[in-house]
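Undergrad: pasting the structure only:
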């Protein structure tokens with residue numbers, strides 16, 4: 001066992017230690033525990049009643065990561081002895097019988113996917129202070145508990161971490177994350193054994209490198225799956241082949257790893273070993289999630305999967321925006337099983353966009369020539385090839401109103417002998433005012449990435465040294481911190497200057513974002529722990 005686990009973070013233990021209580025909830029029916037291994041390993045502390053309801057366990061449901069947290073706590077504090085195979089079997093069983101329905105898992109997937117996500121819907125300041133101060137609020141909402149169990153959890157949390165035990169927390173969590181839900185009941189009634197083997201189509205997007213398309217071959221390997229992924233960059237045609245292995249928990253939670261040859265060893269190399277966190281739809285025909293890597297999980301693909309069929313399928317287009325009044329625009333559509341014979345009428349880009357001709361086509365690609373009417377409706381629209389649809393894939397615009405650098409606020413970290421650097425990838429997205437005619441409002445239309453020249457400036461550079469001493473920006477928007485750790489924080493402007501778009505004064509349009517470049521994460525605050533937990537779920541400790 002890794003000695004570092006002895007210093008688990010306070011944030012993670014907020015969930016783990018609530019499992020110590022042994023009282024039962026008689027007001028709500030529990031979920032029986034029938035697995036002999038779970039009973040053997042957990043039953044000495046969590047007794048079962050005549051209906052096979054096990055104390056605490058029967059009144060809780062959560063994600064594979066949540067059950068794994070609990071198992072780690074039992075191993076560390078209660079000295080429960082399990083082999084790697086037994087540990088994985090326990091997590092699999094609990095994720096199956098005491099897991100989340102896909103509809104319940106989707107709103108909190110960003111936590112398991114390690115996304116930077118602004119949580120704007122926390123209902124009160126007390127919940128923000130007591131929950132999201134230490135970890136994502138999604139961590140709490142990834143659990144489903146009985147009302148009594150939530151009451152015990154909040155009380156245990158308050159006692160251990162010296163925070164206020166508030167009635168509003170119990171009331172909110174009991175209502176928002178109850179043990180019994182219609183989504184779970186429906187999922188249990190319709191759930192079938194997953195059968196994911198076969199050929200799947202992949203649509204992926206990597207910030208800084210753009211869209212990728214291709215396929216994934218999934219094959220059974222005992223209780224797990226092996227994968228071979230071949231994807232091609234829409235932007236430059238480069239090809240990435242990845243080999244991986246994954247497990248599925250609870251019928252919908254795909255957890256795996258894959259990697260390519262990582263030939264150039266760049267931090268943002270698309271062949272880098274990545275963790276795969278994917279949510280499989282209830283009908284097992286589509287899935288979506290994130291493949292990610294990096295010291296701070298800062299690199300990754302946003303991924304959508306769909307089962308391949310005999311029907312043509314659109315996966316991507318090479319141009320995200322077209323201007324009103326333009327003509328003879330060539331656009332490339334990438335997909336699968338396009339027929340040899342087609343006509344312009346097979347393609348539909350919406351009212352005001354005319355397909356003049358098909359320039360060329362193969363089974364995987366169509367090149368078409370389009371005219372856009374001056375009066376074409378502005379905004380996002382679907383692209384169709386017969387019955388296959390790419391939702392919101394094309395933006396029609398008359399001019400760019402502003403450029404926004406994304407993310408608009410971020411953090412990068414210096415490295416040292418023990419800690420790799422934390423990078424940050426930026427993109428410059430063109431926006432057009434929405435229907436209200438105002439800039440920077442909710443109805444503004446994101447038109448897509450635009451070509452820019454990247455630079456950065458340090459606040460008060462004279463006091464802290466030159467900009468280059470903090471780090472460098474690549475032509476693709478990747479910020480690389482300096483290799484030496486100065487032991488200080490630096491406030492930095494990230495600046496994108498458009499190559500083609502002009503502002504009202506005729507000057508190149510500029511967008512800015514704020515970044516803090518700081519020291520590495522020295523304390524054992526959960527990142528290393530999270531990666532160890534991930535490997536336990538994906539590979540089992542025996543494969544570390």
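TA: Happy to help now that I have it. What you are looking at is a predicted structure, and each value in this text was computed from that prediction instead of being measured.

Undergrad: For residue 300, give the beta-bridge partners.
TA: Residue 300 forms beta bridges with residue 292, as assigned by DSSP bridges.

Undergrad: Contact partners for residue 348?
TA: Counting by C-beta atoms under 8 Å, 6 or more residues apart in numbering, residue 348 touches 355, 383-385. For the C-beta atoms, the positions are set from N, CA and C on the backbone; glycine is no exception.

Undergrad: Over to residue 365?
TA: By C-beta under 8 Å, 6+ apart, residue 365 lies in contact with 332-335, 338.

Undergrad: mind checking pLDDT for it?
TA: What the model reports for residue 365 is a pLDDT of 97.

Undergrad: Ok, residue 156 next?
TA: 84.

Undergrad: Tell me the secondary structure at it.
TA: helix (DSSP: H, G, I helix; E, B strand; the rest coil).

Undergrad: Any idea how many residues pack against the nearest residue to residue 357 once chain neighbours are set aside?
TA: Closest residue to residue 357 apart from its sequence neighbours, by C-beta to C-beta, 6 or more residues apart in numbering: residue 369 at 5.2 Å. The tally of other residues near residue 369 (other C-beta atoms under 10 Å) stands at 16.

Undergrad: Residue 369 pairs with what?
TA: According to DSSP bridges, beta-bridge pairing links residue 369 with residue 330, residue 357.

Undergrad: now the most centrally placed residue in the chain: how far from residue 32?
TA: The centroid of the chain falls nearest to residue 113 when counting by C-alpha atoms, centre = their mean (3.6 Å). According to C-beta to C-beta, to the nearest Å, residue 113 and residue 32 sit 31 Å apart.

Undergrad: Does the closest residue to residue 142 other than its chain neighbours belong to a helix, a strand or coil?
TA: Distances taken as C-beta to C-beta, 6+ apart place residue 108 nearest to residue 142, at 4.6 Å, with adjacent residues excluded. For residue 108, the assignment made with three-state DSSP gives helix.

Undergrad: okay but residue 108 is in contact with residue 144, surely?
TA: No - under the criterion of C-beta atoms under 8 Å, residue 108 makes no contact with residue 144, lying 10.9 Å away.

Undergrad: Output the below-cut-off pLDDT ranges for the stretch 51-200 of the chain.
TA: Within the stretch 51-200 of the chain, the set of residues satisfying pLDDT under 70 comprises 164-165.

Undergrad: which residues in it form helices?
TA: Using DSSP state H, counting those that start in this stretch, the helices of the stretch 51-200 of the chain run over 64-77, 84-97, 102-105, 109-112, 125-127, 137-141, 147-161, 167-176, 182-190.

Undergrad: Show me the contact partners of the third one.
TA: Contacts of helix 102-105 from elsewhere in the structure, counted by C-beta under 8 Å, 6+ apart, are 63, 142, 144, 181, 183-184, 187, 252-253, 279-282.

Undergrad: list the buried ones in it?
TA: Neighbour-count burial for helix 102-105 flags 102, 104-105 (criterion: 16 or more other C-beta atoms under 10 Å).

Undergrad: JSON lines for the residues you listed, including distance to residue 301?
TA: Listed next are those as JSON lines, based on distance: C-beta to C-beta, whole Å:
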{"residue": "102", "distance to residue 301": "21"}
{"residue": "104", "distance to residue 301": "24"}
{"residue": "105", "distance to residue 301": "20"}
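
Undergrad: And the helices of the stretch 51-200 of the chain: which comes nearest residue 55?
TA: Set against residue 55 and scored by C-beta to C-beta, the helices of the stretch 51-200 of the chain come closest in helix 147-161, at 10.3 Å.

Undergrad: between the closest one and helix 167-176, how many degrees?
TA: 140 degrees (axes from the mean of the first three to the mean of the last three C-alpha atoms, to 10 degrees).

Undergrad: next one: helix 147-161 to chain centre, how far?
TA: 29 Å (C-alpha atoms, centre = their mean, to the nearest Å).

Undergrad: And that helix, what's buried?
TA: Going by 16+ other C-beta under 10 Å, helix 147-161 has these buried residues: 147-154, 156-157.

Undergrad: lowest average confidence, helix or strand, in the chain?
TA: helix 10-16 (a mean of 37; mean pLDDT, DSSP states H and E).

Undergrad: What's the first helix or strand after it?
TA: Sequence-wise, the next helix or strand downstream of helix 10-16 (DSSP states H and E) is helix 36-42.

Undergrad: what does that following helix contact?
TA: 33, 48, 54, 57, 74, 80, 82, 86, 89-90, 93-94.

Undergrad: and which of the residues you listed is nearest to residue 390?
TA: Nearest to residue 390 among the contacts of helix 36-42, with distances taken as C-beta to C-beta, is residue 94, at 38.1 Å.

Undergrad: Test my guess that that closest one contacts residue 68.
TA: No - look at residue 94 against residue 68 with C-beta under 8 Å: they stay out of range, at 9.2 Å.

Undergrad: ok, those two, which is more surrounded?
TA: Between residue 94 and residue 68, counted using other C-beta under 10 Å, the more crowded position is residue 94 (27 against 24).

Undergrad: Leaving out chain neighbours, which residue sits closest to the more buried one?
TA: Residue 94 sits nearest to residue 67 (C-beta to C-beta, 6+ apart), 4.4 Å away.

Undergrad: wait, what's in contact with the closest residue to residue 31 other than its chain neighbours?
TA: Excluding its sequence neighbours, the residue lying closest to residue 31 (C-beta to C-beta, 6+ apart) is residue 58, at 5.1 Å. Neighbouring residues of residue 58 by C-beta under 8 Å, 6+ apart: 30-33, 98.

Undergrad: Make CSV out of these and add neighbour count and distance to residue 306.
TA: Below are the contacts of residue 58 laid out as CSV (neighbours: other C-beta atoms under 10 Å; distance: C-beta to C-beta, whole Å):
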residue, neighbour count, distance to residue 306
30, 25, 37
31, 20, 32
32, 16, 36
33, 22, 36
98, 25, 29
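
Undergrad: Residue 441 and residue 434 touch, don't they?
TA: Yes - contact criterion C-beta under 8 Å: residue 441 and residue 434 qualify, at 6.2 Å.

Undergrad: out of those two, which sits in the busier spot?
TA: Using other C-beta under 10 Å as the criterion, residue 441 and residue 434 rank with residue 434 on top: 16 against 11.

Undergrad: Quick check: pLDDT value at the more buried one.
TA: At residue 434, pLDDT is 86.

Undergrad: cool, and residue 492?
TA: For residue 492, pLDDT reads 94.

Undergrad: How about it: which residues does it bridge to?
TA: residue 458, residue 515.

Undergrad: and it, what does it touch?
TA: When the contact criterion is C-beta under 8 Å, 6+ apart, the partners of residue 492 are 456-459, 470, 514-517.

Undergrad: Surely residue 520 and residue 417 touch.
TA: No - between residue 520 and residue 417 there is no contact under C-beta under 8 Å: 10.1 Å.

Undergrad: Neighbour count: the two, which is higher?
TA: residue 520 (18 against 5).

Undergrad: separation between that one and residue 134?
TA: Taken as C-beta to C-beta, the span from residue 520 to residue 134 is 20 Å.

Undergrad: Could you do residue 277 as well?
TA: 21 Å.

Undergrad: Which residue of these two possesses the greater neighbour count?
TA: Using other C-beta under 10 Å, the more surrounded residue of residue 277 and residue 134 is residue 277, with 29 against 18.

Undergrad: where's the more buried one, which helix or strand?
TA: strand 274-280.

Undergrad: Check which helices and strands that strand sits against.
TA: helix 102-105, helix 109-112, strand 239-249, strand 253-259, strand 286-293, strand 299-307 (3 or more C-beta pairs under 8 Å, 6 or more residues apart in numbering; DSSP states H and E).
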